[in-house]
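A.B. asks: my questions are about this predicted structure, shown below with the sequence.
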Amino acid sequence: MTSPDFEVVISGGHVSQEAWLKASGSQKPELSAEQKEVARKMNVAEEEYARGVVAMQLGEEAERGRGRVLGERIQKILESLGSEYKLGAVIRQGTQLRWLARIEAGGKVFAVAIPMELADDIIDAGSDQDMNRLRNLVFFGVGRQDLILKH
């Protein structure tokens with residue numbers, strides 16, 4: 001798989017139930033002295049803390065893959081605007097329940113917020129209706145309201 005032309009950033013760690021379950025059966029990393037101290041202060045067994053470290057890594061890896069899919073869909077939308085529109089990054093802002101697409105065009109940088117619910121729908125199903133919603137968000141976000149689909 002080739003790496004995308006954009007960066008995927010995961011902000012605000014994410015641990016899904018699936019990642020937590022996968023972490024149960026995986027090899028636990030050797031904790032650093034700092035991590036052992038944190039586990040002690042939190043009154044958590046080192047093995048359980050190590051499981052959390054693995055689960056966090058697995059969760060971030062899964063979210064990075066989801067971010068790549070979302071970014072690829074955004075890139076397709078930007079292609080319709082012309083080559084001057086470039087996706088620089090998609091940033092998962094978990095605490096704000098959104099993804100942020102950083103788009104560069106004409107020497108400007110635009111930040112387009114995509115609600116987590118819409119992003120999940122786009123990634124998991126990608127229906128025409130969801131894609132139209134994303135397209136309208138991107139067009140609005142880069143100042144191209146003239147292209148927004150009217151229903």
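C.D. replies: Great, that's in hand. Residues are numbered from 1 along each chain as shown.

A.B. asks: tell me where this structure has helices.
C.D. replies: Listed in chain order, the helices of the chain (DSSP state H) span residues 17-25, 33-41, 46-79, 116-124, 128-141.

A.B. asks: so for residue 5, which of those helices sits nearest?
C.D. replies: Closest of those to residue 5 is helix 46-79, at 7.4 Å (criterion: C-beta to C-beta). (Each C-beta comes from the backbone N, C-alpha and C, glycine too.)

A.B. asks: in that closest one, which residues are buried?
C.D. replies: Neighbour counts over helix 46-79 (16 or more other C-beta atoms under 10 Å) mark 49-60, 62-63, 66-71, 73-75, 77-78 as buried.

A.B. asks: what is the least confident helix or strand in the protein?
C.D. replies: Counting by mean pLDDT, DSSP states H and E, the chain has its least confident helix or strand at helix 17-25, which shows a mean of 68.

A.B. asks: what's across from the closest residue to residue 115 other than its chain neighbours in the sheet?
C.D. replies: Once flanking residues are discounted, residue 115 sits nearest to residue 98: 5.5 Å by C-beta to C-beta, 6 or more residues apart in numbering. Note on residue 98: beta-bridge partners residue 93, residue 115, judged by DSSP bridges.

A.B. asks: next, work out how far apart residue 98 and residue 67 are.
C.D. replies: With distances taken as C-beta to C-beta, to the nearest Å, residue 98 is found 12 Å from residue 67.

A.B. asks: next one: residue 54
C.D. replies: Separation of residue 54 from residue 67 (C-beta to C-beta): 20 Å.

A.B. asks: what bits of this protein have low per-residue confidence?
C.D. replies: Counting by pLDDT under 70, the chain shows low-confidence ranges at 1-4, 12-17, 19-22, 25-26, 149-151.

A.B. asks: give me that answer again for 50
C.D. replies: 1 (pLDDT under 50).

A.B. asks: buried set for stretch 29-48?
C.D. replies: For stretch 29-48, by 16+ other C-beta under 10 Å, it's 31, 35, 39.

A.B. asks: and which of those is nearest residue 111?
C.D. replies: Proximity of these to residue 111 (C-beta to C-beta) peaks at residue 35, which lies at 33.8 Å.
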